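Student: I would like the atomic coordinates for the input below:
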Amino acid sequence: MNNYCSYEEVVDSYKDFDFEEYFSKVTIEDVRKSIYKDNLSPKDLLNLLSPKAIEVLEEIAQRANKLTKQYFGGAVLLYTPLYLANYCVNLCAYCGYSVKNKIKRRKLTMEEIEVEAKAISSQGFKHILILTGESEYHNPTEYIVEATKILKKYFPSVSIEIYPMNEESYRKVVEAGVDGLTVYQEVYNKEIYKKVHIKGPKSNYSFRIDAPERGAKAGMRTLGIGALLGLEDFRKEAFFTGLHGDYLLKKYPEVDIAYSFPRIRPCVGGYDEILPLSDMDLVQAILAMRIFKPTASLNISTRESGELREHLIPLGVNKISAGVSTHVGGHSSDVEVGEEQFEISDGRSALEIKNMLINKGYQPIFKDWETI
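Tutor: Got it, this is the predicted structure:
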């Protein structure tokens, strides 16, 4: 993949690839060979994602569990998101923040950000993910920089999940203390992408898909990527997500990759054209990714139920959110809240998640990074 100038070119190279035909020819023998390989190819990832692989899902799960223990032991990193604002200038078919939705819009002041930071850090968190609606107008680079400077007083690691920036802006936030970038492509299928991103800067497929690479060039330590599962066939989207991480690691071996597997959740102005994604489908995608990239972090958010999240940890998940609120200003009773982005399914506190992990024999980690 080093021959390609951008990951979009990698996606385009599969434009005429017949996924259904390939899957129809996969055998159990093919799947088993892929399970135990050390360096997997794109076709190995397809084998693990194939319908045929479901027949040996238990064997795949055992391999994924072994690899997780080998590279992460029993450590599970805990983090929480902080929503700074919910203004958005994009018209997207599936998002509660979409500009067309009549919701209560809020943006935290620097004083309110500090109040939220104190409330969150008192729960033990050392890793925080800051989010905004996708509006550079309402949340310019300078706002993110100033917010980061406040948050760095309380959190050794600050990541952002905001609108895609240019490389210069990413450098500015890195200099302020941001070390992690999360950008979900939402959907890698270009036709569906165009259909669901109707208006606004987010409709620029190319600018978004190149954002993680711009972040890597700017000095981001971690890159979080993923597709919003339910917009397109999960097997294809998991495949392109996996290859995206592979592309980035080959060009920027110094970065850490974190894969996420968000499924569409109910929100204001709900999207009706969802492709059903079962729990087993989600499990298969996670198992395939763990075997494809054993050293990558796998993250499951509170979009999923507490019971399911607990069952996913032995299968490869080593990073989970806790004490989550998707409201702007939702962590402190002293801050007026704005509308939530989506409904969460696991509302347990940091302490409850910590105790759950300990009871299951895992080691909850609140800090695994410190800038020196």
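Student: which regions of the stretch 1-150 of the chain sit below the pLDDT cut-off?
Tutor: In the predicted model of the stretch 1-150 of the chain, residues 1-2 satisfy pLDDT under 70.
Student: Spell out the residue ranges of the strands in it.
Tutor: 75-83, 91-92, 127-131 (DSSP state E, counting those that start in this stretch).
Student: which strands and helices sit next to the shortest one?
Tutor: If I follow you right, that is strand 91-92. Under the contact criterion of 3 or more CB pairs under 8 Å, 6 or more residues apart in numbering; DSSP states H and E, strand 91-92 touches strand 197-199. (Each C-beta comes from the backbone N, C-alpha and C, glycine too.)
Student: In its sheet, which strands sit next to the strand it packs on, and in what direction?
Tutor: Using DSSP bridges, the strands paired with strand 197-199 in its sheet are strand 91-92 (antiparallel).
Student: out of the strands of the stretch 1-150 of the chain, nearest to residue 137?
Tutor: Closest to residue 137 of the strands of the stretch 1-150 of the chain, according to CB to CB: strand 91-92, at 14.9 Å.
Student: doesn't residue 277 fall inside a strand?
Tutor: No - Residue 277: not assigned to a strand; according to DSSP: H, G, I helix; E, B strand; the rest coil it is coil.
Student: Mind putting the strands of the stretch 1-150 of the chain into JSON lines with distance to residue 259 and mean neighbour count?
Tutor: As requested, the strands of the stretch 1-150 of the chain are exported to JSON lines (distance: least, CB to CB, whole Å; neighbours: other CB atoms under 10 Å):
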{"stretch": "strand 75-83", "distance to residue 259": "14", "mean neighbour count": "23"}
{"stretch": "strand 91-92", "distance to residue 259": "22", "mean neighbour count": "20"}
{"stretch": "strand 127-131", "distance to residue 259": "15", "mean neighbour count": "23"}
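Student: Distance to residue 119 for the ones you listed - can I get that in TSV?
Tutor: Output for these, formatted as TSV (distance: least, CB to CB, whole Å):
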stretch	distance to residue 119
strand 75-83	10
strand 91-92	30
strand 127-131	11
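Student: Which of those strands sits closest to residue 360?
Tutor: Nearest to residue 360, of those and by CB to CB, is strand 75-83 at 9.4 Å.
Student: elements contacting the closest one?
Tutor: So strand 75-83, by 3+ CB pairs under 8 Å, 6+ apart, packs with helix 110-121, strand 127-131, strand 319-321, helix 350-359, strand 363-365.
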